[in-house]
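>>> mind folding the following:
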Amino acid sequence: MKPIKNILRIIWRLWFVIVAGLPIIIFAPLIYVSIVFNRQKLFTKLKHIWGSWVLSGMGFRVKTQWQNTIDPDQSYIIIGNHTSVMDIMVLLKVIKLPFVFVGKKELSKLPIFGYLYQKSNIMVDRKSPRSRKEVYNQVQKFVRKGNSIAIYPEGGVPEPKIMLAPFKNGAFRMAIEHQLPILPMVYYDNKIKFPYDLLKGSPGKLRVKIFAPIPTEGLKLDDMEDLKMFCYNLIYNELMNDRLAEDF
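Residues are numbered from 1 along each chain as shown. Okay, here's the model as predicted:
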C-alpha cells in the first residue's frame with residue numbers, strides 16, 4: 001500500500017507544476033501589461049486569482065483568522081514563518097493589498113515565471129553586500145507606489161525538525177528605516193500538508209492567522225533587536241501553543 005501512496009503523491013506533485021504553470025502562461029500577456037504600464041490593481045488581482053487557483057487545484061481550502069482589521073491605504077512589512085511553497089499561495093490569496101516579495105535572485109532564472117518574478121518583485125543576492133544594500137532603495141521605490149513588502153525573516157525554509165529558525169535583521173531594519181508597521185502571519189499546516197519532501201503531504205485544510213499590525217513609528221535602529229525578538233516570540237509561541245493543543 002505504501003508504494004501506491006508514494007506514486008500518488010508524486011503524481012500529485014507533478015500536477016502542482018501544471019496547476020501553477022498553466023495560469024502564468026495563459027495570463028502572461030496581462031501580467032506583462034500590468035507590470036510594464038504599472039497597472040497595480042490589475043496585477044494584484046491576477047496574483048490573487050493565481051494563488052486561489054493553485055490552492056483549489058491542489059485540493060487545499062484556506063481557513064483564515066484575522067486578529068484585527070488592516071488599513072487598505074497603509075503599506076506594511078509582511079512577515080511569517082516559512083514552511084512551504086504554499087506559504088506564497090496562501091499569502092497571495094488572503095492579503096489583497098498590493099505587495100511585492102523580497103526574494104532570492106536564483107528564482108529569476110526559472111523560465112517565464114522567473115522573468116515575471118524579477119520584474120515585479122525585489123531580488124536579493126544574499127552573498128552580495130551590494131545587492132543587500134540595493135534592497136533598501138528598491139523597497140523605497142515600491143512603498144512610494146503604495147506597495148507593502150513581504151519577506152520571510154528566517155531567510156529560507158528551515159529543516160523539517162526546526163519549528164521556527166532564528167530571524168534575520170532585514171525585515172525589521174526595513175520596517176524601522178521606512179517607519180512601516182509589521183504585519184505578522186503564522187502558517188500552521190503548510191509544513192505538514194505540502195512539505196518539500198516529495199513523498200509527504202496531502203490535500204486538506206490550511207490554517208493561517210494574521211496578527212494585529214505592530215507599529216514601528218518612532219522606533220530607531222537601536223530598537224531593532226527588541227522588535228525582532230518580539231515578532232519571533234509572537235510567532236513561535238503561537239506555533240508552540242497549536243502543537244501543544246494538538247498533542248492534548
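
>>> the helix or strand harbouring residue 22: which residues count as buried?
In this structure, residue 22 sits in helix 2-36 according to DSSP states H and E. For helix 2-36, burial by neighbour count (16 or more other CB atoms under 10 Å) applies to 9, 12, 16, 19-20, 23-24, 27, 31, 34-35. The C-beta positions use only the backbone N, C-alpha and C, and glycine is treated the same way.

>>> what is it packed up against?
In this structure, helix 2-36 packs against helix 40-57, helix 113-120, with contacts taken as 3 or more CB pairs under 8 Å, 6 or more residues apart in numbering; DSSP states H and E.

>>> chain center to it, what's the gap?
Centre-to-centre, helix 2-36 and its host chain are 18 Å apart (CA atoms, centre = their mean, to the nearest Å).

>>> now do the SS call for residue 240.
helix (DSSP: H, G, I helix; E, B strand; the rest coil).

>>> typo on my end, residue 73
With three-state DSSP as the criterion, residue 73 reads coil.

>>> run the chain-centre distance for stretch 210-219.
For stretch 210-219, the distance to the chain centre is 18 Å (CA atoms, centre = their mean).

>>> which residues sit against that stretch?
By CB atoms under 8 Å, 6 or more residues apart in numbering, the surrounding residues in contact with stretch 210-219 are 64-68, 70, 74, 76, 94-95, 175-176, 179-186, 227, 230-231, 234.

>>> would you mind listing the buried residues in that stretch?
Buried residues in stretch 210-219 (16+ other CB under 10 Å): 210-211, 213-214, 216, 219.

>>> try stretch 94-107
94-95, 97-103, 105.

>>> with stretch 165-184 instead?
So for stretch 165-184, counting by 16+ other CB under 10 Å, buried means 165, 167-168, 170-178, 180-184.

>>> any weak-confidence spans in this structure?
Residues of the chain meeting the criterion pLDDT under 70: 1, 105-116, 119, 126-129, 131-132, 245-248.

>>> the nearest residue to residue 231 once chain neighbours are set aside sits in which helix or strand?
Once flanking residues are discounted, residue 231 sits nearest to residue 184: 5.6 Å by CB to CB, 6 or more residues apart in numbering. Secondary structure from DSSP H and E places residue 184 in strand 182-187.

>>> ok, back up a step: of the contacts of stretch 210-219, which belong to helices?
94, 175-176, 227, 230-231, 234 (DSSP state H).

>>> out of those residues, flag the one nearest to residue 156.
residue 231 (17.3 Å; CB to CB).

>>> residues contacting that closest one?
79, 153, 167, 172, 182, 184, 214.

>>> show me which of these is closest to residue 197.
Nearest to residue 197 among the contacts of residue 231, with distances taken as CB to CB, is residue 153, at 23.4 Å.

>>> just checking, that closest one touches residue 173?
No. In terms of CB atoms under 8 Å, residue 153 does not count as a neighbour of residue 173; the distance is 10.4 Å.

>>> any idea how far residue 194 is from the residue nearest to the spatial centre of the chain?
Central residue of the chain (CA atoms, centre = their mean): residue 88, 4.1 Å from the mean position. With distances taken as CB to CB, to the nearest Å, residue 88 is found 11 Å from residue 194.
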